[in-house]
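Engineer: sequence and predicted structure, then a few things I'm wondering about:
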Amino acid sequence: MWRWYFSLLENSQRYGIAWWIQKLLLVFSLFYQAGIRLRLLGYRWGVLNIYRVPIKVVSVGNLTAGGTGKTPFVEWLAKALQKFLPSDYICLLSRGYKQLDSGVNDEYLLLQQNLPSIAHFTGKDRVALAKTAYEQGYRLAILDDGFQHIRLQRDLNILLLDATNPFGYGKCLPAGLLREPMYAIQRADVVILTRVELCPPTSLAQLEETVLTYKALPIFWLKFSLRRCYELFRGTAYTLDSLPPLFAFCAIGNPRSFLLLLEHYQITPLGCQIYPDHHIYSQKDLDKLIQQAQRAGAKGLLTTQKDAVKIQFLRSSFPVYVFELEADLVKGEETFQSILRSLCSSDR
C-alpha cells in the first residue's frame with residue numbers, strides 16, 4: 001500500500017484510476033493548504049498565541065512529512081551543545097507521536113539509547129514541557145520536530161531539507177509530502193541539507209540556489225555514515241562484506257532514503273517491506289517478515305536503528321541486522337559551532 005502511494009506521488013499519471021486519484025489528492029491538498037494559511041495568519045494577527053519561556057529553545061524540524069534524518073541530527077546537535085553547556089543543562093522536548101505500550105515512541109527510545117545523559121520530556125503541550133524543564137534546572141531545550149510548532153517561541157530555528165527529496169514532490173499533503181508550502185523556508189534561521197553523500201555536488205548547489213530565493217541565510221551540509229552494523233538480538237558487530245543475503249524492512253518517513261543508503265553501500269536486498277512511519281511492530285509482523293525473507297531466499301533481515309528499538313522486545317531466532325548511522329557536518333561546521341557558542345553564551 002505504502003509503496004503504491006509513494007509511486008503515485010513520484011509518477012505523474014495521464015490515464016486510468018491512478019490519474020483520478022492524483023486529481024482527488026490535489027483537491028484535498030488545496031483544502032490542507034488553506035488550513036495551513038489560516039493557522040499562520042492566526043499567529044501573525046495575534047489570534048493564536050506564541051509563548052516565550054525562560055529556557056532557550058533550539059527548534060529542529062522539516063518541511064516534509066518525516067524522513068529528513070532529523071533524529072540523528074538531534075543526536076549530533078545535543079553532543080555539539082555539550083561543548084558549551086553541561087549536559088545537565090540541556091534537554092529534549094518532543095511530541096511523542098505513536099507511543100508504544102511503555103508510554104514512549106521510537107524516537108524517544110533511539111535518543112535515550114544514543115544520548116543517555118540528556119533528559120527527554122515528551123507530551124502534547126511543548127510550552128508546558130519547556131516551563132517544567134526550566135523549573136527543573138535545564139537552561140536549553142532542543143525542540144524535536146518543532147518547525148511547525150509555532151506556539152513555542154524559539155531562539156534558533158533549524159530547518160532540515162533532505163537533499164534526495166527536499167520538497168516532497170513539490171506538493172502539500174496528501175498530493176505530495178510537504179507539510180506546508182515552500183515559502184515557509186522564510187521562518188528558518190539556518191538550513192541544513194541532509195544526506196548530501198547521496199547527491200552530486202551540482203544538485204546540492206542548485207538546491208542551495210533554490211533555498212536562497214526564499215531567504216538569504218546560512219546553509220550547511222550534513223552527511224550520514226555507517227557507525228556500525230550489528231545483529232539485534234545478539235549484539236554481534238558485522239562488516240558489510242560478511243553479511244548474508246538480506247531482506248530489508250523499515251517504517252520511516254522517507255523509505256526511499258533507506259533504499260538509497262543500501263545502494264550507496266552496495267547492498268542489494270532480496271526484497272523490501274515498507275510500513276507507515278512510526279509503525280508499531282507486533283510479534284505477528286516480525287514472524288511474517290521472517291516468512292517473507294525465507295521465501296525470498298534471505299538469511300537475515302535488515303532494518304534501521306529507529307525500527308530496531310521497537311522490535312528489540314520481540315522474539316526471533318532469525319537474524320535481524322541493524323544499520324546504525326551517525327551524522328557529521330561536512331560543510332560549514334566551524335560557522336555552525338560559532339552560532340551555537342553565541343547562543344549558549346548570550347542572555348535571554
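Structural biologist: Sure, I can see it.
Engineer: report the central residue of the chain.
Structural biologist: residue 70 (3.5 Å; Cα atoms, centre = their mean).
Engineer: my read is that that one contacts residue 146, right?
Structural biologist: No. In this structure, residue 70 is not within contact of residue 146 by Cβ atoms under 8 Å, at 10.0 Å. Placement of C-beta: from N, CA and C, glycine included.
Engineer: what's the overlap in contacts for the two?
Structural biologist: 60, 61 (Cβ atoms under 8 Å, 6 or more residues apart in numbering).
Engineer: residue contacts, the residue nearest to the centre of the chain?
Structural biologist: With Cβ under 8 Å, 6+ apart, residue 70 has these contacts: 60, 61, 62, 144, 145, 160.
Engineer: of those, which is the nearest to residue 119?
Structural biologist: Among the contacts of residue 70, residue 144 lies closest to residue 119 (Cβ to Cβ), at 12.8 Å.
Engineer: just the pLDDT for that closest one.
Structural biologist: Note on residue 144: pLDDT of 95.
Engineer: can you report phi and psi for it?
Structural biologist: The phi and psi torsions at residue 144 (degrees, to the nearest 10) take the values phi -80, psi 130.
Engineer: is the nearest residue to it once chain neighbours are set aside bridged to anything, and to what?
Structural biologist: The shortest distance from residue 144 to any non-neighbouring residue, by Cβ to Cβ, 6 or more residues apart in numbering, is to residue 94 (4.0 Å). Residue 94 has these beta-bridge partners by DSSP bridges: residue 122.
Engineer: kindly report the same for residue 323.
Structural biologist: In this entry, residue 323 is beta-bridged to residue 229, residue 304, by DSSP bridges.
Engineer: residue 138 is in contact with residue 55, correct?
Structural biologist: Yes. With contact defined as Cβ under 8 Å, residue 55 reaches residue 138; the gap is 6.2 Å.
Engineer: what are the contacting residues of stretch 232-243?
Structural biologist: Contact with stretch 232-243 is made by 226, 228-231, 265-267, 300, 302, 308, 311-312, 316, 319-322, as judged by Cβ under 8 Å, 6+ apart.
Engineer: return a PyMOL selection command for the buried portion of those.
Structural biologist: In PyMOL, this line selects whichever of the contacts of stretch 232-243 come out buried by 16 or more other Cβ atoms under 10 Å:
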select buried, resi 229+230+231+267+300+302+308+311+316+319+320+321+322
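Engineer: out of the contacts of stretch 232-243, which sit inside helices?
Structural biologist: 308, 311 (DSSP state H).
Engineer: on that earlier part again, tell me how many other residues crowd the residue nearest to residue 144.
Structural biologist: If you count neighbours by other Cβ atoms under 10 Å, residue 94 ends up with 23.
Engineer: same check, this time on residue 204
Structural biologist: Look at residue 204: counted by other Cβ under 10 Å, it has 17 neighbours.
Engineer: what's the offset of stretch 216-226 from the middle of its chain?
Structural biologist: Here stretch 216-226 is found 14 Å from its chain centre; the criterion is Cα atoms, centre = their mean, to the nearest Å.
Engineer: buried set for that stretch?
Structural biologist: Residues 219, 220, 221, 222, 223, 224 are the ones in stretch 216-226 that count as buried (16+ other Cβ under 10 Å).
Engineer: next one: stretch 53-66
Structural biologist: Neighbour counts over stretch 53-66 (16+ other Cβ under 10 Å) mark 53, 55-66 as buried.
Engineer: so which of these belong to strands?
Structural biologist: Per DSSP state E, strands hold the following members of these: 56, 57, 58, 59, 60, 61, 62.
Engineer: how about the helix or strand of the chain with the lowest mean pLDDT: buried residues?
Structural biologist: For the chain, counting by mean pLDDT, DSSP states H and E, helix 2-10 ranks last in confidence among helices and strands (a mean of 72). For helix 2-10, a neighbour-count test (16+ other Cβ under 10 Å) marks 6, 8, 9 as buried.
Engineer: just the CA atoms of that helix, as CSV, please.
Structural biologist: C-alpha atoms of helix 2-10 as CSV (Å, rounded to 0.1, in the frame of the first residue of the first chain):
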residue,chain,number,x,y,z
TRP,A,2,2.7,2.5,1.0
ARG,A,3,4.9,1.6,-1.9
TRP,A,4,1.9,2.2,-4.2
TYR,A,5,1.3,5.6,-2.5
PHE,A,6,4.9,6.8,-3.0
SER,A,7,4.9,5.5,-6.6
LEU,A,8,1.7,7.6,-7.1
LEU,A,9,3.5,10.7,-5.8
GLU,A,10,6.6,10.1,-7.8
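Engineer: quick check: mean pLDDT of the helix or strand that that helix is followed by?
Structural biologist: Counting by DSSP states H and E, the next helix or strand C-terminal to helix 2-10 is helix 16-44. Averaged across helix 16-44, the pLDDT comes to 92.
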